[in-house]
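K.L.:
A structural model of the following input is requested.
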Amino acid sequence: NKQVIIYNDTISIYTNQAKQYVDNKELHLLGPVTMINGKDSLMCQNMIFWYDIDSLHAFGNVNFKFKNNYVQTDSLIYLKTNGFRGYSFTAKNNSKFFDPKYVINAELMSYNDYSQNMILNNQVVFKSEKQGAKGNYINVEFKDSLIKNMIIKDDAYMYNNHYATVNDNYQLFKDEINGGIIKANFKNEFLNNIDIYGMAESKYYIVNDTSLLMGLNEATGDTMNFRYNLESIENIYIKGDARGVFVPEKGQTKLDSSLIYQAHSINYDIKNEMTFLEDDVNIKYQTTELISNIVDVNWINNMLYAYSHDSSYAKISSQNQKPMIGQNLEFDLINKRGIISLGETKVRDGIYKSNIIYREEPNIYHMNKSIYTTCDHEHPHYYFKSPKMKMIQGERIIAKPLFLYIFDIPVMGLPFAILPSTSGGRQSGWLMPS
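P.N.:
Below you'll find the model as predicted:
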């Protein structure tokens with residue numbers, strides 16, 4: 001009948017109609033229904049209540065408040081436990097779970113209080129003050145009141161909010177990642193580690209130790225790993241067709257345009273301002289392009305160090321200039337100066353080789369322990385040799401002194417010589433020496 005009241009020492013129930021099934025120790029309540037237990041409460045349209053085990057199934061506009069948590073859903077199965085929260089539950093259709101530290105939306109959510117594990121399915125949205133996640137499947141592992149691990153699948157997406165200073169203004173920025181699967185680990189209340197598997201994509205803002213925004217980096221790869229220290233990204237490792245672009249914040253770095261890069265693997269040590277690229281490395285900045293097997297980048301002094309563990313070579317080229325090629329290369333991105341070891345170039349039918357090539361200006365090169373020959377044998381039959389050469393590209397090469405060798409025997413010497421380096425004829429860039 002209308003306005004039925006049922007109560008015992010701890011629970012009070014208000015409803016329009018109630019039926020008791022003694023054998024099953026259950027009540028069928030037709031509502032609306034309101035259940036109150038101390039400071040906890042549950043409201044719904046209809047309910048089945050198993051009073052011997054303090055468990056229930058609520059239907060229709062369910063609003064459930066228990067301790068610091070609040071659940072809204074169309075259908076709720078509640079089971080009393082002796083675990084941390086004191087209950088396990090399954091919520092179906094238009095479900096929301098509220099905690100003082102986060103909010104969860106999902107079509108289906110199931111929480112096991114004994115394992116402290118929550119499974120979320122279909123259009124899942126997870127939001128906290130600083131982090132958020134989306135996907136069609138999320139598995140959340142708790143350690144009491146704190147989140148310990150999170151696995152996101154099917155349109156996996158995650159973001160992390162943080163602040164940085166731009167033009168003396170403290171602004172909010174959002175780092176974003178997505179991929180096939182995202183696994184996140186938390187330490188206390190902070191992100192500790194994130195792994196992304198399958199078509200990984202990321203967008204993150206680089207902030208220095210004084211909270212100044214340094215720039216925006218966007219990257220893709222087969223897999224990614226982010227390591228955090230409190231709220232800041234400390235290290236990023238990308239593997240498998242790793243590609244990215246860094247857009248510097250104006251006035252905060254010496255770079256004044258975007259840097260485009262790719263490699264098989266990239267290890268970005270943000271804390272120490274170093275980047276390590278390995279296998280099929282390609283870096284483009286303004287009109288300069290570097291190709292190498294291995295490249296280390298020091299962002300403190302903007303130096304590139306290209307080298308190899310095998311017989312491959314490094315090549316750097318700029319617009320309207322012949323590329324420099326050698327086994328080891330050091331290059332200053334800002335000043336456009338560099339040193340290359342064991343380099344070789346061809347000018348017309350002549351071949352120039354050098355142990356070390358130093359680029360002073362865009363068109364001026366200094367060569368140490370160099371030779372010049374028109375013999376194309378691996379070990380030339382004759383050649384000119386000089387301890388020092390200076391090449392003004394497109395004009396001339398100055399050598400002093402210069403010695404003529406035939407079958408590695410010195411024949412004659414000149415204190416000073418000028419060799420041609422003009423355009424025309426057959427020419428190619430700096431080549432690996434044999």
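
K.L.:
so Val71 bridges to which residues?
P.N.:
Phe64, Phe97 (DSSP bridges).

K.L.:
In contact with it, which residues?
P.N.:
Each residue near Val71 by Cβ atoms under 8 Å, 6 or more residues apart in numbering is listed here: 62-65, 89, 91, 95-98. Quick note: C-beta positions are derived from backbone N, CA and C, even for glycine.

K.L.:
Need the CA coordinates for the helix or strand hosting Leu213. CSV is fine.
P.N.:
Here Leu213 sits within strand 213-229, counting by DSSP states H and E. The C-alpha coordinates for strand 213-229 follow below in CSV (Å, rounded to 0.1, in the frame of the first residue of the first chain):
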residue,chain,number,x,y,z
LEU,A,213,57.1,26.7,-21.7
MET,A,214,59.8,25.7,-24.1
GLY,A,215,57.7,24.4,-27.0
LEU,A,216,55.2,21.8,-28.3
ASN,A,217,56.3,18.3,-29.4
GLU,A,218,54.0,16.0,-31.5
ALA,A,219,55.2,12.4,-32.1
THR,A,220,54.0,9.1,-33.4
GLY,A,221,55.4,5.5,-33.3
ASP,A,222,54.5,1.9,-32.9
THR,A,223,55.0,2.1,-29.1
MET,A,224,55.7,4.9,-26.6
ASN,A,225,56.7,5.1,-23.0
PHE,A,226,56.3,8.1,-20.8
ARG,A,227,58.0,8.4,-17.5
TYR,A,228,56.9,11.1,-15.0
ASN,A,229,58.3,12.7,-11.9
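
K.L.:
Which residues belonging to it are considered buried?
P.N.:
Buried residues in strand 213-229, defined by neighbour count with 16 or more other Cβ atoms under 10 Å: 213-217, 219-228.

K.L.:
Quick check: the two most widely separated of those?
P.N.:
Longest distance between any two of the buried residues of strand 213-229 is 28.7 Å, between Leu213 and Asp222; criterion Cβ to Cβ.

K.L.:
Longest strand in this protein, by number of residues?
P.N.:
Counting by DSSP state E, the longest strand found in the chain is strand 146-166.

K.L.:
Check which helices and strands that one sits against.
P.N.:
Where contact means 3 or more Cβ pairs under 8 Å, 6 or more residues apart in numbering; DSSP states H and E, strand 146-166 is packed against strand 131-143, strand 169-187, strand 190-207, strand 213-229.

K.L.:
picking up where we left off before, buried among the contacts of Val71? Need that as a selection in PyMOL.
P.N.:
Buried subset of those, written as a PyMOL selection, criterion 16+ other Cβ under 10 Å:
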select buried, resi 62+63+64+65+89+91+95+96+97
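
K.L.:
Which two of the contacts of Val71 have the greatest separation?
P.N.:
Most distant of those, by Cβ to Cβ, are Lys65 and Ser95, 14.8 Å apart.

K.L.:
Now Leu304. Nearest residue, chain neighbours left out?
P.N.:
The shortest distance from Leu304 to any non-neighbouring residue, by Cβ to Cβ, 6 or more residues apart in numbering, is to Phe331 (4.6 Å).
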